[in-house]
Every structure is written in C-alpha cells, then in structure tokens.
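**Student:** need a 3D model of the following:
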Amino acid sequence: MNRKLALAAGIAAALSGLVIPAAPASAGSLQCNSGRAPEDSYVGRADCHNPTGQTWVYRAVITCGWSPDVVGPWVTLGPGASGRSEGKCASWGSGVGAVGVDERGA
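**Tutor:** Coordinates of the predicted model:
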C-alpha cells in the first residue's frame, strides 16, 4: 500500500508541476541540543557535535509562532568539532515554538 501511495503522490506532483525537495542525507549523525535560548525567547539555536569521521554541515530550523519560520546559517563541522547555528524570530510574533536540525554530509 505504501508503494501505491508514494507512486500516486509522485504522479500528482509531476502533473501539477510541483517539486518535491530532497530530504537531508543521513539525518541523525550529529549529536545536537536544540531549543529556545534561555536569555531570549525569540532566538532558537542548535549546538551540535560531530562524533563521526566525516565532515557534516547543519543549520538550525526554527518554527516561529505568529511570524515566518527562520533558519540559522549553515555550520560546517569536521570530525570531532562542535558548533552553533541560531536564528531569531520576528519581534512581532510570539517567539520560538520549536527548533530542529537540518544536517547533510559535506
């Protein structure tokens, strides 16, 4: 049943001219802590460490309440490195609702 559903979705997307974005490669390879910054409820951040032997890039993906969602800058982490990506929601919204991580092999 899942194959039929996937095929139907692919056909529908092709016929309607939509582009289906690629999913991040090998999600979950980095060790990350993400969430709202304790000093500012409008800032979301992702602090990540790379325990692998491969270089990875990642960014924070911030869901903002009542304002457009934002993403932090891409951060490149070599083997054993750590880093931070953060972004700020618009001040007219209600602040950070959730923070995720988009990671990809470099």
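**Student:** contacts and neighbour counts: CA atoms only from here.
**Tutor:** Fine.
**Student:** what's the first helix or strand after the helix-or-strand element of the chain with minimal mean pLDDT?
**Tutor:** The weakest-scoring helix or strand in the chain, judged by mean pLDDT, DSSP states H and E, is helix 2-16 (a mean of 44). Once the chain leaves helix 2-16, the next helix or strand it forms, by DSSP states H and E, is strand 31-37.
**Student:** where in this protein is pLDDT low?
**Tutor:** Applying pLDDT under 70 to the chain flags the ranges 1-27.
**Student:** what residues sit buried inside whichever strand or helix holds Arg104?
**Tutor:** Of the helices and strands defined by DSSP H and E, Arg104 is found in strand 96-105. For strand 96-105, the neighbour count (16 or more other C-alpha atoms under 10 Å) marks 96-104 as buried.
**Student:** want to try CSV for these, with distance to Arg59 as columns?
**Tutor:** Output for those, formatted as CSV (distance: C-alpha to C-alpha, whole Å):
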residue, distance to Arg59
Val96, 16
Gly97, 17
Ala98, 14
Val99, 10
Gly100, 9
Val101, 6
Asp102, 5
Glu103, 7
Arg104, 9
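**Student:** return the distance of the closest residue to Arg45 other than its chain neighbours relative to Glu39.
**Tutor:** Residue nearest to Arg45 in three dimensions, not counting chain neighbours: Glu86, with 4.1 Å by C-alpha to C-alpha, 6 or more residues apart in numbering. As judged by C-alpha to C-alpha, to the nearest Å, Glu86 and Glu39 stand 13 Å apart.
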